[in-house]
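Asker: turn this into a model:
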Amino acid sequence: MLFATRKTSIISRNDTLNRKTTKKRKKKKKTSSDATNTTTNDFHSENANVNSSRTSTAKLIETVASSILSFNLKKQTSVTVSVNSDDFEALTRGKVRKVQIKGTDWSSKKNLTCKSLDISVGEVEVDYGKIVTTGRIEIKKPGGRGRAKLFMSFEDFRNFLKHPLTNEALNEVRMRFEDEAPKRDEASERLVLKAIFDEERNAVRTFQMQPLEDERVDVCDVSSGTSSSNSSSNSSSSSSEQAERVKRFFETLELDLMGTKLRYQNMRVLENGVALDLYVLVEKFPPPVIDF
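Answerer: Residues are numbered from 1 along each chain as shown. A predicted model of the protein is given here:
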C-alpha cells in the first residue's frame, strides 16, 4: 500500500512538471529565424511527398537528375530527387509514375535564386535506354503535369523580376521593374513593387499587389490610388492602364526553363518573402548544360 502511494505521488509530481513544461513551451516566443523555418516547413508540407520506390530504374533516374541539377547550379545546399517507378514499366514503356524535386538555397548561373523549392510531377514517359547509354533524360511523351512551390526572399524575387527569362513577358506589357527589391507593406500586407514604363522612361511608379484566388491579382498604383480591379471600362487614366499592365504580367506569366514550363497559380506575401504556387508542364527535361 505504501509503495502504491509513493508511486502515485511520483506520477503526480511528473504530471505537474509536464504541465509546467508545456505551458512554458506555449509561452515561448518565435524568433525571426523560427518564423522563417516555420514558413519553409509549412510551405514544403503542402506538396505530398513522393517516396522513392528504390527500384533500379528509380535509383538511376534519381542519380542522373541530381547530377545534372547539381552540376548546373552555381550554389545550393541541397538537391533531392525522388522517383517512383516500377522496373518492368520503366524498361518496357519508359513509364515513371511520379517525380519530386526538392532543394534549398538554389542559385542558377544567371542568378535565378530561391530559398526553397518543391516540384512534383505525375506520370511521364522517358527514354530509359538513352539514360543508360548517354546519361541524358529525354521525355518520350511530352505533357507531364504537376505543381511547384517556391519560397523566395524579397531579394530572390527581385532577381526573378530582373532575370532574362522575364524579359519577353515584360516586353509584352512595355515595362520593367526597378532594381530595388520588392517589400511587404505591413499595413495592407500587399507586395510593394516599383516599375518604369516605356512611355515614361524617367518616371518610377510604385504599385501594391494583392494576390487573389483563381490565378488573379489586384494591383493598385499608390502614386495615384488607382486599382486595376476597380477600373471602369470607360476609364482613360494612364495610371489605371499601367496598373492593369502589371496585373497582366503576373496573371499571364509563363517561364520556359528549357522545356519545363512554369505558370502562375497563386502567391502569398509573407513577412520574410513570397511563397509562389505554380503550374508545371514538362515537355522535356533540361539538358546536361542548363542556361538560365
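
Asker: where along this protein do the helices fall?
Answerer: In the chain, the segments counted as helices under DSSP state H are 2-27, 32-45, 56-72, 87-93, 128-134, 154-162, 167-172, 238-251.

Asker: name the surrounding residues that touch stretch 71-79.
Answerer: Residues from elsewhere that reach stretch 71-79 (Cβ atoms under 8 Å, 6 or more residues apart in numbering): 66, 69-70, 101-109, 111, 286, 288-290. Bear in mind the C-beta positions are built from the backbone N, C-alpha and C, glycine included.

Asker: which of those are buried? Put it as a ChimeraX command.
Answerer: Applying 16 or more other Cβ atoms under 10 Å to those, the buried members can be selected in ChimeraX as follows:
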select :69,101,102,103,104,106,108,286,290
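
Asker: shaky segments in the stretch 101-250 of the chain?
Answerer: For the stretch 101-250 of the chain, residues meeting the criterion pLDDT under 70 lie at 224-239.

Asker: now the strands for it?
Answerer: With strands called from DSSP state E, counting those that start in this stretch, the stretch 101-250 of the chain shows them at 113-121, 124-126, 139-141, 144-152, 175-177, 183-185, 190-197, 200-211, 217-221, 226-227.

Asker: what's near enough to touch Leu253?
Answerer: Shown in contact with Leu253 (Cβ under 8 Å, 6+ apart): Thr166, Ala169, Arg263, Tyr264.

Asker: again, only this time at 7 Å
Answerer: Ala169, Tyr264 (Cβ atoms under 7 Å, 6 or more residues apart in numbering).

Asker: what about Val217, neighbour count?
Answerer: When neighbours are counted by other Cβ atoms under 10 Å, Val217 registers 21.

Asker: from Arg174, how far off is it?
Answerer: Per Cβ to Cβ, to the nearest Å, Val217 is found 18 Å from Arg174.

Asker: got it, and Arg147?
Answerer: 31 Å.

Asker: pick out whichever of these two has more residues nearby.
Answerer: More neighbours surround Arg147 than the other of Arg147 and Arg174, with 18 against 11 (other Cβ under 10 Å).

Asker: tell me the spacing between the more buried one and Glu199.
Answerer: In this view, Arg147 and Glu199 are 37 Å apart by Cβ to Cβ.

Asker: again with Val274
Answerer: 28 Å.

Asker: which one of the two has more residues nearby?
Answerer: A count of neighbours by other Cβ under 10 Å puts Val274 above the other of Val274 and Glu199, at 22 against 11.

Asker: residues in contact with the more buried one?
Answerer: Val274 makes contact with Met152, Phe157, Leu191, Met267, Arg268, according to Cβ under 7 Å, 6+ apart.

Asker: buried subset of those residues?
Answerer: With neighbours counted using 16+ other Cβ under 10 Å, the contacts of Val274 contain these buried positions: Met152, Phe157, Leu191, Met267.

Asker: quick one, what contacts the residue lying closest to the last one once chain neighbours are set aside?
Answerer: Which is Met267. Spatial nearest neighbour of Met267, excluding adjacent residues (Cβ to Cβ, 6 or more residues apart in numbering): Pro211 at 4.3 Å. Contact analysis of Pro211 by Cβ under 7 Å, 6+ apart lists Val217, Asn266, Met267, Arg268, Val269.

Asker: for those, which two are the farthest from each other?
Answerer: Val217 and Arg268 (11.9 Å; Cβ to Cβ).
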